[in-house]
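[1] show me the folded form of this:
(one chain, ligands or ions: 3)
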Amino acid sequence: MGSVVDAPPVVAGQEEVTDNMLGDKKVTVVFVLGGPGSGKGTQCANIVEHFGFTHLSAGDLLRAEIKSGSENGTMIENMIKEGKIVPSEVTIKLLQEAMIKSGNDKFLIDGFPRNEENRAAFENVTKISPAFVLFFNCSEEEMEKRLLGRNQGRVDDNIETIRKRFKVFVESSLPVIEYYYAKDKVKKIDAAKPIPEVFEDVKAIFAPYAPNAA
Ligand SMILES: Nc1ncnc2c1ncn2[C@@H]1O[C@H](COP(=O)(O)OP(=O)(O)O)[C@@H](O)[C@H]1O
Ligand SMILES: Nc1ccn([C@@H]2O[C@H](COP(=O)(O)OP(=O)(O)O)[C@@H](O)[C@H]2O)c(=O)n1
Ligand SMILES: [Mg+2]
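    Ligands and ions are numbered 1, 2, ... in the order given. Okay, here's the model as predicted:
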């Protein structure tokens, strides 16, 4: 298992090399992206239930790290309060640990990569590239309404931080989605529809991963 975590970083400019191995296991990773409140977490829970993936929310892992009293906790909390993106090394370490601990070989990575640094560092460190990117497309007006009604006691679900998160999404996260568009890896979903209708569209995309699929 040490080989994954201890892998040397790829030198800048070097050709990307991905083998999608986690230790001695070949894995499937789907990045689940979309603005704050677009319904990523909600649909990931549905996908887990029907398709046997493990759901890893970068935001949930960061919030758990704050709660655990880790030395990075205060830094992470301050970044989340401001809607800023935590340095990749912190988030990638949490994702790698959670992947290994799960024992699974199919992962939904929700809310990551959120910027170019996240994207490049994940590929360089893990040598894993996504099978595809599930992109939940939704208007800011609808996302704002959902976030203000989410009621999970989150420090960042207030209008001031929500505006900052929308700005970060447009400036830093959309370019990542564009990057995968260019590679023909994006599956775009109309996320403004009601939850069951969105899941119908999601299900069609995940059909090849159904337990009884050939
Ligand atoms: N399609 C939908 N229509 C209406 N409300 C939704 C929909 N999807 C999710 N929600 C609600 O919106 C809020 C944000 O959803 P969530 O899944 O946490 O989004 P994200 O992880 O993308 O921020 C939650 O309260 C959730 O119940
Ligand atoms: N890759 C990531 C994901 C989240 N985060 C931080 O965690 C916050 C909440 O992320 P989240 O994915 O739980 O938020 P939602 O999109 O689910 O509303 C972000 O606004 C960032 O501050 C991060 O720094 N890096
Ligand atoms: Mg979420």
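[2] export the helix or strand in which residue 143 is found as PDB, just CAs?
    Per DSSP states H and E: residue 143 is located in helix 140-148. What follows is helix 140-148, C-alpha atoms only, in PDB (Å, rounded to 0.1, in the frame of the first residue of the first chain):
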ATOM      1  CA  GLU A 140     -26.900  30.500  -9.600                       C
ATOM      2  CA  GLU A 141     -30.400  31.600  -8.700                       C
ATOM      3  CA  GLU A 142     -31.600  28.000  -8.100                       C
ATOM      4  CA  MET A 143     -28.300  27.000  -6.300                       C
ATOM      5  CA  GLU A 144     -28.600  30.100  -4.000                       C
ATOM      6  CA  LYS A 145     -32.200  29.100  -3.000                       C
ATOM      7  CA  ARG A 146     -31.100  25.500  -2.300                       C
ATOM      8  CA  LEU A 147     -28.000  26.500  -0.200                       C
ATOM      9  CA  LEU A 148     -30.000  29.000   1.900                       C
END
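[3] got a list of what residue 134 touches?
    Contacts for residue 134 (CB atoms under 8 Å, 6 or more residues apart in numbering) come out as 30, 31, 32, 33, 43, 108, 187, 189, 202, 205. The way it works is simple: take the backbone N, C-alpha and C, and place the C-beta from them, glycine included.
[4] can you tell me how far it is from ligand 1?
    Counting by CB to the nearest ligand atom, to the nearest Å, the gap from residue 134 to ligand 1 is 11 Å.
[5] quick check: that residue is in a helix.
    No. Using DSSP: H, G, I helix; E, B strand; the rest coil, the secondary structure at residue 134 is strand, not a helix.
[6] look up how far ligand 2 lies from it.
    For residue 134 relative to ligand 2 (CB to the nearest ligand atom), the value is 13 Å.
[7] likewise for residue 172?
    10 Å.
[8] nearest residue to that residue in space, please, no chain neighbours.
    residue 115 (4.0 Å; CB to CB, 6 or more residues apart in numbering).
[9] just give me the neighbour total for the one you found.
    Here the count is done by other CB atoms under 10 Å, and residue 115 has 18 residues near it.
[10] now swap in the one 5 residues further on and tell me
    Here the number of neighbours of residue 120 (other CB under 10 Å) works out to 17.
[11] so what's the gap between stretch 130-139 and the chain middle?
    Centroid separation for stretch 130-139 versus its chain: 10 Å, with CA atoms, centre = their mean, to the nearest Å.
[12] how about stretch 153-170?
    On CA atoms, centre = their mean, the centre of stretch 153-170 falls 17 Å from that of its chain.
[13] I figured residue 187 hits residue 204, correct?
    No. With contact defined as CB atoms under 8 Å, residue 187 does not reach residue 204; the gap is 9.5 Å.
[14] thought residue 195 was touching residue 42?
    Yes. Contact criterion CB under 8 Å: residue 195 and residue 42 qualify, at 6.1 Å.
[15] what residue in the protein comes nearest to ligand 2?
    Per CB to the nearest ligand atom, residue 59 is where the chain lies closest to ligand 2, at 1.8 Å.
[16] tell me who's in contact with that residue.
    Taking CB under 8 Å, 6+ apart, we find residue 59 in contact with 80, 110, 111.
[17] picking up where we left off before, residue 187 and residue 204 - which one has more neighbours?
    Using other CB under 10 Å as the criterion, residue 187 and residue 204 rank with residue 187 on top: 15 against 10.
[18] good, wrapping up.
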